[in-house]
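Enquirer: dropping the sequence and predicted coords here.
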Amino acid sequence: MNIATKKVDVTKEAAALLEKMGVAKELYTGGDMPSYSPVTGEKIGNLKTVSAAEAAAKIEKAHEAFKAWRLVPAPKRGELIRLLGEELRAFKADLGRLVSIEAGKITSEGLGEVQEMIDICDFAVGLSRQLYGLTIATERPGHRMMETWHPLGVVGVISAFNFPVAVWSWNTALALVCGNSVVWKPSEKTPLTALASQAIFERALARFGDAPEGLSQVLIGDRTVGEVLVDNPKVPLVSATGSTRMGRDVGPRLAKRFARAILELGGNNAGIVCPSADLDMALRAIAFGAMGTAGQRCTTMRRLFVHESVYDQLVPRLKKAYGSVSVGNPLESTALVGPLVDKAAFDSMQKAIGEAKTHGGTVTGGERVELGYDNGYYAKPALVEMPKQAGPVLEETFAPILYVMKYSDFDAVVADHNAVAAGLSSSIFTRDMQESERFLAVDGSDCGIANVNIGTSGAEIGGAFGGEKETGGGRESGSDSWKAYMRRATNTVNYSKALPLAQGVSFDIE
Ligand code: NAD
């Protein structure tokens, strides 16, 4: 079902939302960098990009802010994030709507993204009283050894279009309670939501009172501005979210100057449906995981392995779901699938589908859905039955394509599951304990996220988020991810009157 709707004035609505959230008009009009809404393809803003010199000045300011902020006790720093959470609650509907306008997400997913921001604020407030270091047994009498976690410096954040605001908050909430300052280079495809987030942050700052100026700043621009952040020696950590191509450039540049990296890159996530699976549950999880956010999540399910004994029960139902899913304007309808971000995304989807056909794929869906917008690119999600894992199945195409393959042997399917370059998210659908444990075991899924009877997407902020191999190895959000935002000092204190050396070394001088 395709939901055609009346034309909405996205430009006007974006401007009204920005004004309500406190963004000055001159920040998004009359500049040199356009922002477009994927919903209609229309231009919704013209932002001014920063020059390299302006970016460097902002980083310098953030460095000065860090020097003051690191001295503020961590629970007090947590108070700023508590206020940010309050402001985000107050503006949830507005920011969520702007996410829908600028990133094309359906209403519940736009709101869900802001909820994630609120959730990480709650997490970080608690964390601000739990930046624990260990006390460690020493081998020397009259000594104490401990770990102290200190703030790191300016944290650079580079983010992708598909989570235009949540990724900033995951990094910023942790970075700030850890005593750092933040400089954010949002995606050039979603700069308006970045301005809105910054305005909301500034409301929290105003309520907080005496925070140093420049504690969290935004750099508007394309990848060249990102490169300024990556190469600046005053930025000891860059958390970069985006394609593996971006990570291949950013990772070595950071390594060259011995800076830290949190790389959150592409995924090629798979599900395995075993003979004992609850097929109703699997169907819903696969449908959301593969078609949700129009296939534009890093954790989108892109490959599906179905056991031969249940293939004919599950796959026809899946095809039916693909045939009936609603595709439409997310601002004016209850469609479940919104637009692709731009023409390039649509073209790459078509290219991958074409290549899949040359590898023997049978395609359901995938065609453009016309809603009357020349520059709005809507597509039917594609389900592609493949004889084996080959060609485009091995790569991430950032669009709603699910490659479905039949399997017969558990060990072989785990090997196929792992035989791709990315290693972000994975899931198995089974009621067989041995299968589920084997999937989670050391020789099971090689991904950073491995789920049982849940799809690949929709992680909670409480867990560490990230993946292995070409996904980059970074972890952000929950668990002990905060440690990447701090530097660890090991302290040994001698409260005895002797000076015993470690490892029994003697070095007696007269
Ligand atoms: P992209 O790589 O085109 O851009 C991401 C960001 O990196 C943008 O802000 C861009 O300006 C910047 N950038 C690009 N090249 C750069 C360089 N050489 N130096 C510095 N900055 C640079 O990605 P996109 O199209 O916006 O997002 C989609 C991709 O992001 C997909 O591959 C998706 O899987 C991935 N993603 C990963 C995660 C994760 O947590 N693993 C989350 C969201 C998106």
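Expert: That came through, no problem.

Enquirer: and this structure, which residues reach the ligand?
Expert: Taking Cβ under 6 Å from any ligand atom as the criterion, the neighbours of the ligand within the chain are 158-163, 185, 187-188, 222-223, 226-227, 230, 241-243, 246, 249-250, 264-267, 298, 396, 398, 424, 471. Just so you know, the C-beta spots here come from the backbone N, C-alpha and C atoms, and that holds for glycine as well.

Enquirer: tell me the mean pLDDT for stretch 320-332?
Expert: In this model, stretch 320-332 carries a mean pLDDT of 96.

Enquirer: and it, what's buried?
Expert: For stretch 320-332, a neighbour-count test (16 or more other Cβ atoms under 10 Å) marks 321-322, 325, 327-331 as buried.

Enquirer: just the ones in strands from the residues of the chain next to the ligand, please.
Expert: Among these, DSSP state E puts 158, 185, 241, 264 in strands.

Enquirer: taking those, tell me the two that lie furthest apart.
Expert: Spanning the widest gap among those are 185 and 264, at 14.1 Å by Cβ to Cβ.

Enquirer: neighbours of residue 298, how many?
Expert: 29 (other Cβ atoms under 10 Å).

Enquirer: pull out the buried residues from the residues of the chain next to the ligand.
Expert: So, by 16+ other Cβ under 10 Å, the buried ones in these are 158-163, 185, 187-188, 223, 226-227, 230, 241-242, 246, 249-250, 264-267, 298, 396, 398, 424, 471.

Enquirer: and the residue sitting nearest the centre point of the chain, helix, strand or coil?
Expert: Centrality entry for the chain: nearest residue to the mean C-alpha point is residue 167, 5.0 Å, by Cα atoms, centre = their mean. In three-state terms, and counting by DSSP: H, G, I helix; E, B strand; the rest coil, residue 167 is helix.

Enquirer: wait, it touches residue 264, no?
Expert: Yes. Residue 167 is in contact with residue 264 according to Cβ atoms under 8 Å; the separation is 7.4 Å.

Enquirer: any common contacting residues for those two?
Expert: Residues touching both residue 167 and residue 264 (Cβ atoms under 8 Å, 6 or more residues apart in numbering) are 241, 476.

Enquirer: all helices for the stretch 151-300 of the chain, in order.
Expert: 166-177, 191-208, 223-231, 244-256, 279-291 (DSSP state H, counting those that start in this stretch).

Enquirer: between those helices, which one is nearest to residue 49?
Expert: helix 223-231 (6.7 Å).

Enquirer: quick check, distance from that closest one to the centre of its chain.
Expert: 19 Å (Cα atoms, centre = their mean, to the nearest Å).

Enquirer: separation between the residue nearest to the centre of the chain and residue 451?
Expert: 21 Å (Cβ to Cβ, to the nearest Å).

Enquirer: could you do residue 487 as well?
Expert: According to Cβ to Cβ, residue 487 stands 33 Å off from residue 451.

Enquirer: can you check residue 401 too?
Expert: The spacing between residue 401 and residue 451, counted by Cβ to Cβ, is 21 Å.

Enquirer: now residue 20
Expert: From residue 20 to residue 451 the distance is 38 Å (Cβ to Cβ).

Enquirer: that concludes my questions; thank you for your assistance.
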